[in-house]
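Novice: With the sequence up front, the predicted model follows.
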Amino acid sequence: MALFKKRTAGKPGEWYYCLEHKKVEEGPDCPAKNRFGPYATREEASHAMETARERNLEWETDPRWHDGAGKDGTPEGGKG
């Protein structure tokens with residue numbers, strides 16, 4: 001039995017999107033590894049997955065992200 005319980009980081013009044021439970025939560029209910037946030041509002045947190053998809057698309061299409069790619073799109077000198 002542990003003497004000290006690990007506390008999750010965060011403050012009440014901050015909003016998070018829990019990846020494990022797939023829902024918006026206020027405060028540090030779940031471990032940081034299982035959540036996106038903090039967000040200023042519940043509404044922002046409810047769109048966390050959509051925001052992540054948009055950011056991933058931006059990074060995937062950013063020419064600076066693929067600056068080491070060969071002509072066929074795979075990394076130079078490596079296997080794709």
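Specialist: Okay, I see it.

Novice: Every contact and neighbour count from this point should use C-alpha atoms.
Specialist: Will do.

Novice: Flag every buried residue along the lengthiest helix in the chain.
Specialist: Secondary structure of the chain read by DSSP state H shows that its longest helix is helix 48-60. In terms of neighbour count (16 or more other CA atoms under 10 Å), helix 48-60 has its buried residues at Ala48.

Novice: got any ranges where this structure has weak pLDDT?
Specialist: Scanning the chain for pLDDT under 70 picks out 1-10, 66-80.

Novice: would you list every one of the helices in it?
Specialist: According to DSSP H, the helices that the chain contains are 42-46, 48-60.

Novice: Which among the ones you listed is found nearest to Gly13?
Specialist: helix 42-46 (9.5 Å; CA to CA).

Novice: which parts of the closest one are buried?
Specialist: Buried-residue list, helix 42-46, by 16+ other CA under 10 Å: Arg42, Glu44, Ala45, Ser46.

Novice: on that earlier part again, CA atoms of the longest helix of the chain as PDB?
Specialist: The C-alpha coordinates for helix 48-60 follow below in PDB (Å, rounded to 0.1, in the frame of the first residue of the first chain):
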ATOM      1  CA  ALA A  48     -10.100  18.800 -28.300                       C
ATOM      2  CA  MET A  49     -10.100  15.900 -30.800                       C
ATOM      3  CA  GLU A  50     -11.200  18.100 -33.700                       C
ATOM      4  CA  THR A  51      -8.500  20.600 -32.800                       C
ATOM      5  CA  ALA A  52      -5.900  17.800 -32.600                       C
ATOM      6  CA  ARG A  53      -7.000  16.500 -36.100                       C
ATOM      7  CA  GLU A  54      -6.700  20.000 -37.600                       C
ATOM      8  CA  ARG A  55      -3.200  20.600 -36.100                       C
ATOM      9  CA  ASN A  56      -2.000  17.200 -37.300                       C
ATOM     10  CA  LEU A  57      -3.200  18.000 -40.800                       C
ATOM     11  CA  GLU A  58      -1.400  21.300 -40.600                       C
ATOM     12  CA  TRP A  59       1.900  19.600 -39.500                       C
ATOM     13  CA  GLU A  60       1.500  16.800 -42.100                       C
END
